[in-house]
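> here is my input, please return the structure:
(chains A and B, ligands or ions: 2)
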Number of protein chains: 2
Amino acid sequence: SKVLVSTKEALYSAISEVKPGTEIVLANGTYTDVNIVFKGEGTKEAPIVLRAETPGKVFIEGVSNVQIGGSYLVIDGLYFRKGYSPTKNVIAFRLSEKEVATNCRVTNCVIIDFNQLERDKDDLWVQLYGRHNSLDHCYIAGKTNGGPTVRVDLKGNQSIRNFHKITNNHFGPRPRKGGARGETIQLGSSYTSMSPSNTLIANNLFEECNGEVEVISSKTNFNVIKNNVFYKCEGSVVTRHGNYVMIDGNYFIGDGVNKNVGGIRIINTGHWIVNNYFYNLIGENFRSPLAVMNGIPKSPLNRYNQVTDVVVAYNTYVNCKSPWQFGVGTNISQKEVLPLSEIRSARALRTEVVNNVIFNTEGDAHLIVEHDKADGVTFMANAINNQGVDFKNKDKFIVSNFELKKVSEELFVPVGISTDITPYTGFGFEAIKTDLFGVKRENSNSIGALVSENIKDPVILDKTKYGASWFVADKATVEAKKHEVTAAKGDLEAKIAAANSGDILELNAGTYAISNSLKIDKQLTIKSKDGEKAIVVADKALNSPLFQLNPYGILTIENVKLEGSGKQAAFASLKENMFNHFGLFVTGCEINNFNYVLKAYKQSFAEEIAFTNTSILNCENGIELSEETNDRGDYNVEFLTIDNCVFTNVKSNVIDYYRGGYDESTIGGNLMVKNSTFKNCGAKEKNGILLNTRGIVNVAINNNTFTNNNIK
Amino acid sequence: SKVLVSTKEALYSAISEVKPGTEIVLANGTYTDVNIVFKGEGTKEAPIVLRAETPGKVFIEGVSNVQIGGSYLVIDGLYFRKGYSPTKNVIAFRLSEKEVATNCRVTNCVIIDFNQLERDKDDLWVQLYGRHNSLDHCYIAGKTNGGPTVRVDLKGNQSIRNFHKITNNHFGPRPRKGGARGETIQLGSSYTSMSPSNTLIANNLFEECNGEVEVISSKTNFNVIKNNVFYKCEGSVVTRHGNYVMIDGNYFIGDGVNKNVGGIRIINTGHWIVNNYFYNLIGENFRSPLAVMNGIPKSPLNRYNQVTDVVVAYNTYVNCKSPWQFGVGTNISQKEVLPLSEIRSARALRTEVVNNVIFNTEGDAHLIVEHDKADGVTFMANAINNQGVDFKNKDKFIVSNFELKKVSEELFVPVGISTDITPYTGFGFEAIKTDLFGVKRENSNSIGALVSENIKDPVILDKTKYGASWFVADKATVEAKKHEVTAAKGDLEAKIAAANSGDILELNAGTYAISNSLKIDKQLTIKSKDGEKAIVVADKALNSPLFQLNPYGILTIENVKLEGSGKQAAFASLKENMFNHFGLFVTGCEINNFNYVLKAYKQSFAEEIAFTNTSILNCENGIELSEETNDRGDYNVEFLTIDNCVFTNVKSNVIDYYRGGYDESTIGGNLMVKNSTFKNCGAKEKNGILLNTRGIVNVAINNNTFTNNNIK
Ligand SMILES: [Ca+2]
Ligand SMILES: [Ca+2]
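Ligands and ions are numbered 1, 2, ... in the order given. Take a look at the predicted model:
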């Protein structure tokens, strides 16, 4: 029976009366502050369906969430946006600890930017409980707050051996979160790492899932990760806890430039990594195409178990730098300073790396990196074309003279590999029945990810193959419009408010007196129209920042003079409710007489902040990014760049960039300071350090001039 | 094709030529120092068989072992005795790390007392590797050296998901080992505790398997322990590591007296304990009928994980004392002195104890013992007849007035349980399809281990149902013979040598001058014939002990005077090659002027030593049991009793009883000293302690008199 409802109250009422076969149709429109408790017992033949009248025309906004409990329930075609969950989940496959969902499905839905108001307020957009549930054909993107986008929960026998299917989704960009707890999918937790999960993650596109170092964090047993595309994701598929995960027939595509794009990182026992294709990956160590970690002997439950009985077979690596890295995470050298329970000294055992193919257009002298010895690893029947370039560990490869065939921009296939190479047959290899394309391996003695050389382009980046049918994931590229601005009172404020995201405001020469903070909540460029710098002056009455960076506010400011009256910040985030990231690019500017150049408040985050060709002088404080003091590994900006700048008479916190906590798998915080001059700075610096970078993992300070600064 | 062989060389040669269907018949006789490498590829239809010409008439003796590698190989009817293995295993189901056995079988064999010469030299009598192997219908008994009797090894993918079957065996008495590493069956190790094992242990009789606190130590996942009988075993079935073990339909039978007889001890996640029958068990704490342990939060791999998601349902407990104990092993009180990684503070979570039946002939005031709170446990539909005696935790039971029906000496079945009690239905309970007898549970709402009240005696102790068909496990009880002994030179020595085990030597009054140690290598009683004590005197020339206790030497000495010349031990073990246990019972004796009263050397072990009604005087040293200084939890005697004795002028080591090492699950070393007098002792004691009991777990010193001893 079909029921059309057009208010949330009618929806709730309709749900209370569902029977097998009931179809509730949610009329097109926007529903705000909706809390759907979808409870019912459908059957396989007669499921209970809750669907949008027109898929994509039903918007769930405001403080909204969905809970699903019962059997054979389907949610179809909803669009979650402009809101956040009042609970720990946007969509939970349970009503209570014992009332879980079985054979339920969320399909053809979209969730975008459904973020909590604060980055530290963790939640999950989809949390699977129970068994045999499905999340498929959804588009999910833009999570900025803490917590994996999707998590499978295994606490309780009702949620083990779940055989959930996460398939055919498009996981769109997840911005860098800054610290941990930014996975796209997490399967269980260390507390359930002994439990059989049997979750399937298949045929999904992961695109720029950059939340943290783990795109998928598998923490349970017997999961299958198959035929997915990982496209420019700044992270890896990680078998963090749990064992016997099958990673089969996936594409890992990098751009040959971004070192943060990862591959597969292995911890624990019994995983099989077969038929995968790795292209243009240059990540190192934790982010290398194949990172095999060292374990802690007799590891605590939540730390690192030793790698044993792992099979890495029939994979193809094209133009990947040092693709195989072993002993990743070894910290034996720290054994004097760390407790024994933190020393990762247990090398991989009984592990087979066999029947793989490597092609390098430019020869690589270090195909294998042994952070610790790979003496527990068997290497057999691995073919390589290294363009005749000599390399270490030559005994672990068969040098061969095959070719590379272009199939598409992302797929280049080695062809003409000698059939004289006999594949190694390890225990259980008969289970590797097919190749990357699903072609049968029987009667073939080929190695690498593909059996056949006659290859049709699988168009792996055709986005119509993933996610909700009605949703176009590619943003239409709107051309940036230019708007001329005059120094007339209120004109700048008005033009900022009126601009569309991506527009450019050109300031005529003159002095712009500002008495209310300029609110930036979209992507804007503000620059002087001509060679002469416009001057933006903070009114003495202004007690808030000159530029207030709001969620989504990404400001590029070029060739402008900013004058404070000594008490404002030139730039600052909101103090709270920074529910999305900001960004700041300052170039060719002069910044004078502010209290702060930049003040980032707690829970605010920018993917990038850059100051170039800019003079900063006579400020009480400089660039202040040090409020993430929870010490959970968080920080305020992923990349901070200072290039060709002059800091003069900045009294304290010239640069203060902080990451607290001990989380060795958070690899973030990146500071680059180069070609810059620091003069007469730090007069009031209490700790006597000019550039504070505590806990920041990557710090490069090169080619700078330091003159007459008050430092230790 | 059948091949009859009658020498080991012919056997080796025959093995080298096996084909599917080959049957090698080993001619009746004794084969010494045999090393069988049984390698071949049989088929399901045509296995390769190596069998005894007449089962039980082919003896494997000396330094012998068997290795099996290949497929469908069968060993049938061999008798291993009077020897030991030159390797780590008597029977290994592999030839080398990668050459394992698949679908192989050892059946209808016997292994008795096949012990290494030294207790500390660990080995395994049967070690299973590979997959789908079977150990069935064997009788295995008498292991005294270190190492489980049977172990399943899971290192390497070739040995996981092994589905081995250990069925229909009779595991006969395994003596107390003294310390750890005395399991009867161990499934994997902590290093493979993440691996699926799927081993079946079914329809076996475990009789007096007293090696240590674990009869079966399950350390891997998905094992099934079903329909076994545990008869007077001083240990428990323990889910030591690994998860999701099914313990279904077993009998745990005690004698109502021995507190060391255990039941089921639970650690880790997801175990199901269903349809089991517990009778007459009075063990406490680690050895209670159901012991649910506390875990260590984020436990190291080799320590104690938290109990979660465990189901204890449909079990019956008859006359068991405080059958349910929770928080076992808690040591929160030691958190100031132990490292955090040793504190077992994590209580059981999400655990269901439901649909069980308890019957007590005498009411028990403490059915549940909470060593730590059982607040993560759900109790539902548990019926009890406690004879109207009040008890704690009454809210966790349904008091009911049913009866007990005797089926056999070991099996008493509660009948007439109210059908008004609705069984609790937890998640997955539909999988509990049958009861203890295999009767279908569908359409029944009964609780406890049995559905029906019309019960035929399952004769669980009929030994013809277990083990090798040709072997009679019950020893014919030979009547002890008495032999009269005179003081004539050499008569005592001759009578000792000639006696059969169990015999009694009666000493006529007189003085027996002994110039060579009296070698005791069987069970003997030596006593004075009449009221007057015979006097046994150590010759001045005697430099070895008066009584030399050899392997198997169990001496009872009554009403005799022993006189030394100051330099001998009255009793001592061998210094080495104590490949079986000794025992000593001294009653009504006088022991005068020895260097040691008793000296137990390293690696010697007695299950019991007792001195009663005996005077000990003028000795340099007393009872010295302190050489197990490896600190692996070993010790020299399980029970040491001193009752109504007088120690006078014993200068040091009056009693020195030592257990070293930190192994909290070794619960041994038992000292009882009562009604005794210690006078003028300890004159030369360096540490100033009269009774040294370091590391001994159970020490009771009651009602003694201490006079003028040199102690701190
Ligand atoms: Ca993570
Ligand atoms: Ca043990």
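> taking chain A, what residue is nearest to ligand 1?
residue A:214 (4.3 Å; Cβ to the ion). Glycine gets a C-beta too; all of them are placed from N, C-alpha and C.
> tell me how far that residue lies from residue A:263.
Separation of residue A:214 from residue A:263 (Cβ to Cβ, to the nearest Å): 12 Å.
> who's in contact with the residue in the stretch 501-650 of chain A that chain B sits nearest to?
Closest contact between the stretch 501-650 of chain A and chain B, by Cβ to the nearest Cβ, is at residue A:632 (17.0 Å). Contacts for residue A:632 (Cβ atoms under 8 Å, 6 or more residues apart in numbering or on different chains) come out as A:179-181, A:660-661, A:663.
> give me the most central residue, chain A.
Nearest to the mean C-alpha position of chain A, by Cα atoms, centre = their mean, lies residue A:210 at 1.9 Å.
> surely that one touches residue A:178?
No - taking contacts as Cβ atoms under 8 Å, residue A:210 lies outside contact range of residue A:178: 10.6 Å.
> still on that earlier bit, okay, now the closest residue to the residue nearest to the centre of chain A other than its chain neighbours: neighbour count?
Of all residues beyond its chain neighbours, the one nearest residue A:210 is residue A:234 (3.9 Å), with distances taken as Cβ to Cβ, 6 or more residues apart in numbering or on different chains. Residues near residue A:234, counting by other Cβ atoms under 10 Å in any protein chain shown, number 26.
> and residue A:234, how far from residue A:259?
Distance, residue A:234 to residue A:259, by Cβ to Cβ: 9 Å.
> what does residue A:587 give?
From residue A:587 to residue A:259 the distance is 24 Å (Cβ to Cβ).
> now residue A:74
Residue A:74 is 42 Å from residue A:259, by Cβ to Cβ.
> higher neighbour count, those two?
The neighbour count for residue A:74 versus residue A:259, taken as other Cβ under 10 Å, is higher for residue A:74 (20 against 17).
> give me the helices and strands touching the helix or strand bottoming out on mean pLDDT in chain A, please.
Least confident helix or strand, chain A: strand A:691-692 with a mean of 91, by mean pLDDT, DSSP states H and E. Where contact means 3 or more Cβ pairs under 8 Å, 6 or more residues apart in numbering or on different chains; DSSP states H and E, strand A:691-692 is packed against strand A:646-657.
> next secondary structure element downstream of the strand it packs on?
strand A:670-674 (DSSP states H and E).
> check contacts around whatever residue of chain A ends up closest to ligand 2.
For chain A, the residue closest to ligand 2 is residue A:298, as judged by Cβ to the ion, at 16.4 Å. The contact partners of residue A:298, by Cβ under 8 Å, 6+ apart, come to B:190, B:300-303.
> try residue A:350
A:308-309, A:376, B:155-157.
> do that again at 6 Å, thanks
A:308-309, B:156 (Cβ atoms under 6 Å, 6 or more residues apart in numbering or on different chains).
> do residue A:447 as well
Here residue A:447 is in contact with A:355, A:357, A:381, A:383, A:423 (criterion: Cβ under 6 Å, 6+ apart).
> pretty sure the residue of chain A closest to ligand 1 contacts residue A:239?
No - at 10.1 Å, residue A:214 does not count as touching residue A:239 under the criterion of Cβ atoms under 6 Å.
> give me the distance between the residue nearest to residue A:210 and residue A:467.
20 Å.
> thinking again about what came up before, of the contacts of residue A:350, just say which sits nearest to residue B:123.
Checking the contacts of residue A:350 against residue B:123 with Cβ to Cβ, the nearest one is residue B:156 at 20.5 Å.
> can you give me the neighbour number for that closest one?
So residue B:156, with other Cβ under 10 Å, has 20 neighbours.
> quick one: pLDDT of the nearest residue to it once chain neighbours are set aside?
In space, and not counting its chain neighbours, residue B:156 is closest to residue A:350: 5.5 Å by Cβ to Cβ, 6+ apart. You'll see residue A:350 listed with a pLDDT of 97.
> looking at residue A:214 and residue A:239, which is more packed in?
Comparing residue A:214 with residue A:239 by other Cβ under 10 Å, the one with more neighbours is residue A:239, at 32 against 27.
> verify the contact between that one and residue A:218 for me.
Yes - assessed by Cβ under 6 Å, residue A:239 is found in contact with residue A:218 at 5.0 Å.
> okay, and the common contacts of those two?
What both residue A:239 and residue A:218 touch, as defined by Cβ under 6 Å, 6+ apart, is the set residue A:245.
> and residue A:237, that's in a strand?
Yes - assessed with DSSP: H, G, I helix; E, B strand; the rest coil, residue A:237 lies in a strand.
> of the contacts of residue A:447, closest to residue A:554?
Distances from residue A:554 to those, taken by Cβ to Cβ, are shortest for residue A:357, at 42.0 Å.
> would you confirm that that closest one contacts residue A:414?
Yes - with contact defined as Cβ under 6 Å, residue A:357 reaches residue A:414; the gap is 5.2 Å.
> as a quick check, tell me the outermost residue of chain A.
Outermost in chain A, Cα atoms, centre = their mean: residue A:488 at 43.2 Å.
> helix, strand or coil for that one?
coil.
> show the contacting residues for it.
Neighbour list for residue A:488: empty [criterion: Cβ under 6 Å, 6+ apart].
> run through chain A and note the low-pLDDT ranges.
Residue ranges of chain A with pLDDT under 70: A:475-476, A:662-666, A:712.
> so which residues on it come close to ligand 1?
A:180, A:214 (Cβ under 5 Å from the ion).
> where do the helices sit along chain A?
A:8-15, A:491-498 (DSSP state H).
> rewinding a little: including distance to residue B:692, could the contacts of residue A:447 go into JSON lines?
Converted to JSON lines, the contacts of residue A:447 look like this (distance: Cβ to Cβ, whole Å):
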{"residue": "A:355", "distance to residue B:692": "63"}
{"residue": "A:357", "distance to residue B:692": "68"}
{"residue": "A:381", "distance to residue B:692": "63"}
{"residue": "A:383", "distance to residue B:692": "68"}
{"residue": "A:423", "distance to residue B:692": "65"}
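> turn those residues into a markdown table, including neighbour count.
Formatted as a markdown table, those follow (neighbours: other Cβ atoms under 10 Å in any protein chain shown):
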| residue | neighbour count |
| --- | --- |
| A:355 | 28 |
| A:357 | 27 |
| A:381 | 20 |
| A:383 | 22 |
| A:423 | 19 |
